[in-house]
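Participant: next one to model:
(one chain, ligands or ions: 3)
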Amino acid sequence: MPGPILRIAIPSPLYRTFDYLPPPDCDTATLRPGARARVPFGRRQTVGLLVEIGTDSELDPALLRPALAVLDREPILPADVLALIQWAQRYYHHPPGEAFATALPALLRQGEPAIIPQPPPAWRITAAGLAALAESVALRRAPVQRRLLDHLAQCPAGLDAETLRPVVRDSAATLRALCARGWVESDGADAPTTTEVATAASPAPSAAQIDAVAAVSAALDRFQVFLLEGVTGSGKTEVYLRLIEAVLARGRQALVLTPEIGLTPQLLARFRERLPGPLAVLHSGLSDRERLNAWLLARDGTAKVVVGTRSAVFAPLRAPGLLIVDEEHDPSYKQQDGFRYHARDLAVIRGQQLGIPVVLGSATPALESVQNTRAGRYRLLQLPERVGGGTEPPILILDVRRQPMIEGLSPPLLERMRAHLDRDEQVLLFLNRRGFAPILLCHECGWLSQCRHCDARMTLHLRQRRLTCHHCGDSRPVDALCPVCGSVDLRAVGHGTERLETALRPVFPDIGIARLDRDSTRRRGSLETLLADIHHGDRRILIGTQMLAKGHHFPEVTLVGIVDADQGLYGVDFRSSERMAQLILQVAGRAGRAEKPGTVIIQTHHPDHPLLRVLVAEGYPAFAAAALTERQEALLPPFAHQALLRAEAVDPERALAFLNAARALAEPIADGLELLGPAPAPMERRAGRYRAHLLLQAARRQDLHRLLDPWIARLWARPADRQVRWSLDVDPVELY
Ligand code: ADP
Ligand code: ZN
Ligand code: ZN
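Facilitator: Ligands and ions are numbered 1, 2, ... in the order given. The predicted structure is shown next:
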């Protein structure tokens with residue numbers, strides 16, 4: 001009689017699981033899906049996940065190899081996470097091994113035991129340390145201490161001195177100094193699980209907060225999705241905290257997802273102050289060991305609250321009670337390569353599978369979510385005003401047509417800046433383009449700083465004297481002469497944050513300028529230093545990219561200038577106006593406070609753009625309504641469902657041949673579907689490869705998915721053209 005067959009998901013780009021025999025000495029009765037197994041794979045060994053125990057194999061059993069060892073007695077992933085990954089793998093049509101790999105911490109993928117090792121003495125930040133960090137003034141003169149504290153704030157479970165070594169030069173001495181100030185403590189040989197009593201009191205909730213909390217609390221035992229809409233500062237986080245308290249009181253856990261950039265020490269400090277017990281934090285800055293520890297604390301239920309970025313949607317929980325997705329509109333929830341899942345959408349699926357509520361929060365919800373509330377699938381909860389009665393800042397459109405622009409800034413904006421700066425206030429300029437100028441042009445012969453590998457120009461970074469391609473990363477020094485005609489008349493065209501900074505120095509010689517973008521904050525600790533200077537008032541002009549839009553709050557800023565809204569109004573992607581509206585309001589929301597709300601000025605050449613006018617005159621909900629009407633008329637998402645088949649190859653013909661063949665396979669089974677393309681991608685050449693895509697679109701989601709299953713199977717079954725890389729993106733958020 002044939003014995004059991006182990007179907008194992010192995011991290012590989014193949015769209016299938018692999019069959020193995022049980023290891024020779026294995027008691028097969030104890031095998032459970034969700035355990036890891038070490039298996040031979042080709043000429044090497046690897047660790048895979050047992051997803052099913054079958055009775056037969058498509059292969060000749062004589063050809064099957066036995067697994068080398070089963071590594072876990074108990075499933076390493078709880079059944080609900082296993083089910084979620086399987087659902088996601090099928091929905092996104094991604095190779096199962098890679099999907100499972102996304103959910104497992106690296107050390108577990110490498111076969112490490114799933115136990116928390118006896119920890120060396122761990123250092124943790126104290127409440128006083130958190131307060132010092134939040135004030136930031138206390139640490140202005142001690143950047144090293146600040147960096148270490150910041151790091152500890154991100155790892156509430158504590159870190160040993162050894163792990164902290166790479167963070168600062170002399171971690172032991174710095175820890176001693178911080179200990180002397182009462183800002184860190186060492187818990188000796190105790191496990192880092194001591195229950196702490198939360199200290200901070202909660203403010204009395206507003207009527208709208210009471211309603212929102214009551215609505216979700218009434219649904220704690222079932223699946224329901226809530227969209228919590230409220231401007232920045234309207235008290236959404238406060239609602240989350242109260243809901244989490246209610247969930248903890250029932251002995252359950254809460255999972256909170258935030259965008260990477262929104263997961264700040266301030267947010268964690270607030271959670272730690274208010275909620276009892278250890279917090280597990282999962283984000284990309286952790287070491288493998290830290291990540292595994294946090295993951296295990298979530299899984300065994302020690303951590304009652306788990307806060308994490310995108311992939312934390314797969315975090316194992318012992319007693320899940322509530323899922324929260326903060327800033328639910330944020331594009332970073334969608335993974336843009338490999339396993340292209342959307343963490344917000346998966347949170348909703350997970351809530352449904354578990355029968356627990358899901359709260360999506362945002363000041364500027366995604367149009368998909370707005371439409372879901374209109375269709376009655378999600379329940380809308382609104383927090384209509386800022387806490388403390390402050391009004392939202394007025395937004396003004398500034399028509400810059402025919403204005404004598406000075407390095408991208410119009411005289412009226414410069415005048416307003418001067419007025420605010422004269423009153424000792426701060427000014428924030430938002431420009432979502434880093435570098436000095438997006439193009440370098442020869443005025444003599446017309447040469448452009450074209451990237452050799454992409455259909456894109458290289459951005460001039462004047463301070464580094466380099467041209468850099470923001471798409472493939474290629475970079476080279478700038479010559480003083482045109483590489484074609486040798487002219488010295490090279491001109492920088494267009495504006496980036498670096499150019500704004502350079503232009504403003506002579507205009508406001510006495511005022512410190514802080515530029516916040518990926519270039520200026522690359523060095524460890526430089527962002528913290530800039531933020532401290534801003535809060536201290538040493539720098540009063542802030543220039544930044546979308547880095548400014550999240551997480552941080554600048555109470556002294558009373559004027560926000562959106563330097564260039566036109567990019568977003570007429571971008572290539574149908575989502576660009578939605579993005580622009582969200583960014584404008586997010587940047588606006590970073591500024592001011594109740595008694596000093598400030599003003600937002602938008603520079604544009606299209607002052608009559610209908611969506612921009614609605615946004616400014618009536619606010620985001622009206623904008624969303626108008627944008628949804630446009631989408632409905634154009635039959636675009638959320639009124640249509642899309643999947644994008646991308647292909648790329650060094651030879652453009654091969655990519656197109658693949659897509660044409662794919663189209664031919666789809667046509668006979670494409671009932672209720674539109675097939676658009678193949679067409680070259682908006683940026684046809686990137687990093688030396690030609691890119692094209694085929695867009696599938698259907699009015700009804702089930703029509704799309706009815707096609708995808710057999711179609712993708714047939715694509716995998718074709719003899720592979722090794723020159724072509726292809727991938728499927730279900731519900732793409734970018735059509736690139
Ligand atoms: P959001 O998450 O919507 O930006 P927060 O929850 O962070 O808003 O609230 C903004 C500020 O107002 C925070 O400092 C918070 O502590 C405070 N706050 C929130 N709700 C109340 C309330 N009911 N009474 C007093 N202060 C509140
Ligand atoms: Zn030239
Ligand atoms: Zn390039």
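
Participant: so where's the stretch 351-500 of the chain shaky on pLDDT?
Facilitator: Within the stretch 351-500 of the chain, the segments meeting pLDDT under 70 span 389-391.

Participant: what residues does it have near ligand 2?
Facilitator: Residues of the stretch 351-500 of the chain found near ligand 2 (CB under 5 Å from the ion) are 442, 444-445, 447, 482, 484-485, 487. In this view, the C-beta of every residue, glycine as well, is placed from N, C-alpha and C.

Participant: inside helices: which ones of these?
Facilitator: Counting by DSSP state H, those place none of their members in helices.

Participant: select only the buried ones of those in PyMOL?
Facilitator: The buried residues among these can be selected in PyMOL (16 or more other CB atoms under 10 Å) with this line:
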select buried, resi 442+447+482
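
Participant: export the residues of the stretch 351-500 of the chain next to ligand 2 as JSON lines, with columns for distance to R646.
Facilitator: Formatted as JSON lines, the entries for these read as follows, by distance: CB to CB, whole Å:
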{"residue": "C442", "distance to R646": "35"}
{"residue": "E444", "distance to R646": "39"}
{"residue": "C445", "distance to R646": "36"}
{"residue": "W447", "distance to R646": "32"}
{"residue": "C482", "distance to R646": "36"}
{"residue": "V484", "distance to R646": "34"}
{"residue": "C485", "distance to R646": "38"}
{"residue": "S487", "distance to R646": "40"}
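
Participant: of all residues in the stretch 51-200 of the chain, which one is closest to ligand 2?
Facilitator: Ligand 2 sits closest to P143 of the stretch 51-200 of the chain, with a gap of 45.0 Å, by CB to the ion.

Participant: quick one: neighbours of that residue, just the number.
Facilitator: The number of residues packed near P143 is 16, by other CB atoms under 10 Å.

Participant: wait, isn't it in contact with E528?
Facilitator: Yes - if you go by CB atoms under 8 Å, P143 and E528 touch, sitting 6.9 Å apart.

Participant: the strands in the stretch 451-600 of the chain, which residues?
Facilitator: Applying DSSP state E, counting those that start in this stretch to the stretch 451-600 of the chain gives strands spanning 459-461, 466-468, 475-477, 490-493, 512-516, 539-544, 557-562, 599-604.

Participant: now those in JSON lines, with mean neighbour count?
Facilitator: Shown next, in JSON lines, are the strands of the stretch 451-600 of the chain (neighbours: other CB atoms under 10 Å):
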{"stretch": "strand 459-461", "mean neighbour count": "24"}
{"stretch": "strand 466-468", "mean neighbour count": "19"}
{"stretch": "strand 475-477", "mean neighbour count": "12"}
{"stretch": "strand 490-493", "mean neighbour count": "16"}
{"stretch": "strand 512-516", "mean neighbour count": "20"}
{"stretch": "strand 539-544", "mean neighbour count": "24"}
{"stretch": "strand 557-562", "mean neighbour count": "25"}
{"stretch": "strand 599-604", "mean neighbour count": "22"}
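
Participant: ok, which of those strands comes nearest ligand 1?
Facilitator: strand 557-562 (15.5 Å; CB to the nearest ligand atom).

Participant: what about that closest one, distance to the chain center?
Facilitator: 25 Å (CA atoms, centre = their mean, to the nearest Å).

Participant: partners of it in the sheet?
Facilitator: When sheet partners are counted by DSSP bridges, strand 557-562 sits next to strand 426-430 (parallel), strand 599-604 (parallel).

Participant: would JSON lines of these with distance to Y92 be doable?
Facilitator: JSON lines is the format used below for the strands paired with strand 557-562 (distance: least, CB to CB, whole Å):
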{"stretch": "strand 426-430", "distance to Y92": "33"}
{"stretch": "strand 599-604", "distance to Y92": "37"}
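
Participant: output the below-cut-off pLDDT ranges for the stretch 101-250 of the chain.
Facilitator: Within the stretch 101-250 of the chain, the ranges that satisfy pLDDT under 70 run 117-121, 136, 138, 162, 187-200.

Participant: for it, what spans make up the strands?
Facilitator: 123-125, 184-186, 225-230.

Participant: can you list those in JSON lines and add distance to ligand 1?
Facilitator: Listed next are those as JSON lines, based on distance: least, CB to the nearest ligand atom, whole Å:
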{"stretch": "strand 123-125", "distance to ligand 1": "20"}
{"stretch": "strand 184-186", "distance to ligand 1": "25"}
{"stretch": "strand 225-230", "distance to ligand 1": "5"}
